[in-house]
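[1] Predicted coordinates and the sequence they were generated for:
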Protein chains: 2
Amino acid sequence: MSAPGERSARVTMKDVARSAGVSLSTTSRALSGSGYVAETVRIRVRRAADELGYVVDVTARGLKQRSSLVIGVMVSDLRSSFYAEMASGAGRRARQAGYTMMLVEDGGNRLGELDAVNALVGLRVAGVVLTPASDAAADFLRRRRVPVVEVDRVFGDGDAVLNDDRAAARAATEHLLELGHRRIAFVMDETEWSTARERHAGYVEALEAAGLVPEPSLVVTASSEAVTDDVRRLLASSADPTAVLAVNSSIAERIWRAAAELGVGLPDRLSLIAFDDARWMRIVEPGVTAVAQDAARLGAEAVSMLIERISDPGREPVRVIVPAAIVIRGSTAPPRAAGIPARTV
Amino acid sequence: MSAPGERSARVTMKDVARSAGVSLSTTSRALSGSGYVAETVRIRVRRAADELGYVVDVTARGLKQRSSLVIGVMVSDLRSSFYAEMASGAGRRARQAGYTMMLVEDGGNRLGELDAVNALVGLRVAGVVLTPASDAAADFLRRRRVPVVEVDRVFGDGDAVLNDDRAAARAATEHLLELGHRRIAFVMDETEWSTARERHAGYVEALEAAGLVPEPSLVVTASSEAVTDDVRRLLASSADPTAVLAVNSSIAERIWRAAAELGVGLPDRLSLIAFDDARWMRIVEPGVTAVAQDAARLGAEAVSMLIERISDPGREPVRVIVPAAIVIRGSTAPPRAAGIPARTV
DNA sequence: AGGAGAAGTGGTATCGGTTCCACTTCCCGA
DNA sequence: TCGGGAAGTGGAACCGATACCACTTCTCCT
């Protein structure tokens, strides 16, 4: 344990080599396990490394090998459980594959994105998984030949791992239709992202398949500031929905609150179904019916795809679509007057 | 060595130097901004770097300088909002200070901890912020002279950023005492951690200051498997608490559920106060009174402390205690039969 | 006028590994 | 007996940046 006093702060391969009485080359081979090394020597070197507490300097190794076993993961906001779970899934899969995850947050804006991505390039990561806020980051990376996989939403046409947003939205809408709802609202906040676009498309598909005509007054694009007001207005308006589909959990929360404030009972007067199965939806009464996206799986798949891309930079872009499940809880039920020849519209 | 027509995948300083028509040394000085460089040359070099899309290789720089601007952050589980917010706060502060955050998850166990910490050491991070699950990780790091700051809980006596767990628990208990409660239960799940210990101590302090004798039957150490059963047993037992203090949000959730199942009305028959102000506590009805820990601030403070420690490795260990606030919501109220004859129900 | 020192530039060793290459043994088959 | 190749080892050139040092030119003070 207590070796002769003045041991330098950092144990390098040179120390290990000296201690084991062999050259640097042999030490490197013994530790990395590639190339000829006598079994006895290998054991001796390994033991010396253990005793000295040697840890390989991956930055030095990466410098020489021109690639590191680090992959970058960039998310908009860790405080959102979706991103946190995604990152968690990505990290686990990365570790399984022998990589380390480097996680950075951009503020969900172009500038933060470029900052973060710059840091990753500087670290010479082997590749990057990102939830894009714009096309800037992926472009920047691709221009520098850094493999990229986009998750959850996509700009351009590179590799991506996406939810089956359209099918899930369609299924969610069909669930409401089957319960007898005809006036189904759709509330969203971001139209620039592919997620919102796809979900809206699924909603429209389901309505049309049921022979209904989508009504513009039932589709609300809430400005992120005034979502609550917009929701309140919708519920009080003549559009008079009996059910509402929320494009994400944050919107769902606003609707939940607005309903409580306005005394609109769930599910009696309004059915609610949400994208993103947030924790609170399981706890409140009634529970909120939700489209459960497997965020951790999304992250894991993305890492796997990235690793494949790293080993084969030339292949065609790949898209993986991860199916989502609908978890039915108490917030969806037949409309009050369904079945009975209701007021005609 | 350099073939004219061949563009290498990566732009290095050499390319910038050639393009600007100056030496490597001058290029380095022009880009890093230290040392003498003529203004005109500096501009020329900077422009060349921009045009070529040069990004400094921080691994090479770190190798030479023996320190990197990367700090490691290790948390148990990103899916928990406390850790996620902590990491988010740490990342922001790190970025402000010019560092990049490297985030790793350990599985909350000794082995995962050591794995993760090993990866960080290999990356030659400048220091590590961690929420320890045991003393293993911090020991490992300190033995290798890597600066460490522990967050939220602490083993041993190094630098740490902690909640004011004791004072917060005391205040929470006092809040219940002021409402008139006398039979106050305390439910926890982990006794090994300093958090649980401190919170329990604060609870006892408050009781004793009020002249009450802490009753062992009111303190439940729930095994993590059977928390729900334990809680159910407590509520049904002769211990008959009128209020309960939950050591964390996960325990609080179990209590919430158990109360709902058993038909124990909140706050009429039982008051609930929880550590950790989870999102759902704001959404459910009644809202859950909670001790709000500022996790993001905890992370930010830890990073600041770490940076100070990096620049002064010799100074005495420091502890920062971050105060917590109590957010009063609907789940706490006077006990039914307390003091003033309540409204007849 | 002479010299100190500031301003500016380039050469080169170095950080901690990996890897190519040269070199020595030793074994085995022809 | 000899040649060839496998087994094993060490030397040294990198990877991309930094920083020390040597060197030149120019300014300014005594």
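    Here it is on my side, so go on.

[2] Spit out the contact partners of A:Arg144.
    Shown in contact with A:Arg144 (C-beta atoms under 8 Å, 6 or more residues apart in numbering or on different chains): A:Val121, B:Arg10, B:Gly53, B:Val55. For the C-beta atoms, the positions are set from N, CA and C on the backbone; glycine is no exception.

[3] correct me, but the first one touches A:Pro147?
    In this case it means A:Val121. No - proximity of A:Val121 to A:Pro147 does not meet the contact threshold set by C-beta atoms under 8 Å, at 11.9 Å.

[4] what sits in contact with each of these two?
    When contacts are counted by C-beta under 8 Å, 6+ apart, A:Val121 and A:Pro147 are jointly contacted by A:Leu141.

[5] okay if I get the contacts of A:Arg144 as CSV plus secondary structure and neighbour count?
    Converted to CSV, those look like this (DSSP: H, G, I helix; E, B strand; the rest coil; neighbours: other C-beta atoms under 10 Å in any protein chain shown):
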residue, secondary structure, neighbour count
A:Val121, helix, 21
B:Arg10, coil, 16
B:Gly53, coil, 13
B:Val55, coil, 20
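
[6] Just name the lowest-scoring one in the residues you listed, pLDDT-wise.
    pLDDT across these is lowest for B:Arg10, at 83.

[7] separation between that one and A:Ala138?
    Plainly put, B:Arg10 is 18 Å away from A:Ala138 if you go by C-beta to C-beta, to the nearest Å.

[8] and if you look at A:Ala201?
    Shown here: A:Ala201 relative to A:Ala138, a distance of 23 Å by C-beta to C-beta.

[9] show me where chain A has helices.
    Listed in chain order, the helices found in chain A under DSSP state H are A:13-20, A:24-32, A:39-52, A:58-65, A:81-96, A:110-122, A:136-143, A:165-178, A:194-209, A:227-236, A:249-262, A:280-283, A:295-311.

[10] So which of these is the most surrounded?
    Most buried of the helices of chain A, by mean neighbour count (mean count of other C-beta atoms under 10 Å in any protein chain shown): helix A:81-96, with a mean of 24.

[11] same for it, what does it pack against?
    strand A:70-75, strand A:100-105, helix A:295-311, helix B:81-96, strand B:100-105 (3 or more C-beta pairs under 8 Å, 6 or more residues apart in numbering or on different chains; DSSP states H and E).

[12] residues touching the residue in the stretch 101-250 of chain A positioned nearest to chain B, list them.
    Residue nearest to chain B within the stretch 101-250 of chain A: A:Leu103 (3.9 Å; C-beta to the nearest C-beta). Going by C-beta under 8 Å, 6+ apart, A:Leu103 touches A:Gly72, A:Val73, A:Met74, A:Val75, A:Leu78, A:Ala87, A:Gly91, B:Ala87, B:Gly91, B:Met101, B:Met102, B:Leu103.

[13] does the third one have beta-bridge partners, and which?
    The partner list for A:Met74 in beta bridges (DSSP bridges) reads A:Val104, A:Leu130.

[14] Show the pLDDT at it.
    If you check A:Met74, the pLDDT there is 94.

[15] My guess is it contacts A:Leu130. True?
    Yes - at 4.1 Å, A:Met74 counts as touching A:Leu130 under the criterion of C-beta under 8 Å.

[16] anything in contact with each of the two?
    Contact criterion C-beta under 8 Å, 6+ apart; residues shared by A:Met74 and A:Leu130: A:Val117, A:Ala137.

[17] Could you list the domains of chain A?
    What automatic domain parsing lists as the domains of chain A is A:13-56, A:68-162+A:294-324, A:165-292.

[18] wait, which of those is closest to DNA strand D?
    domain A:13-56 (3.4 Å; C-beta to the nearest atom of the strand).

[19] what about that closest one, how long is it end to end?
    8 Å (C-alpha to C-alpha, to the nearest Å).

[20] hmm, it in reach of chain B?
    Yes - using C-beta under 8 Å from any C-beta of the partner chain, we find that domain A:13-56 touches chain B at A:Gly53, A:Val55, A:Val56.
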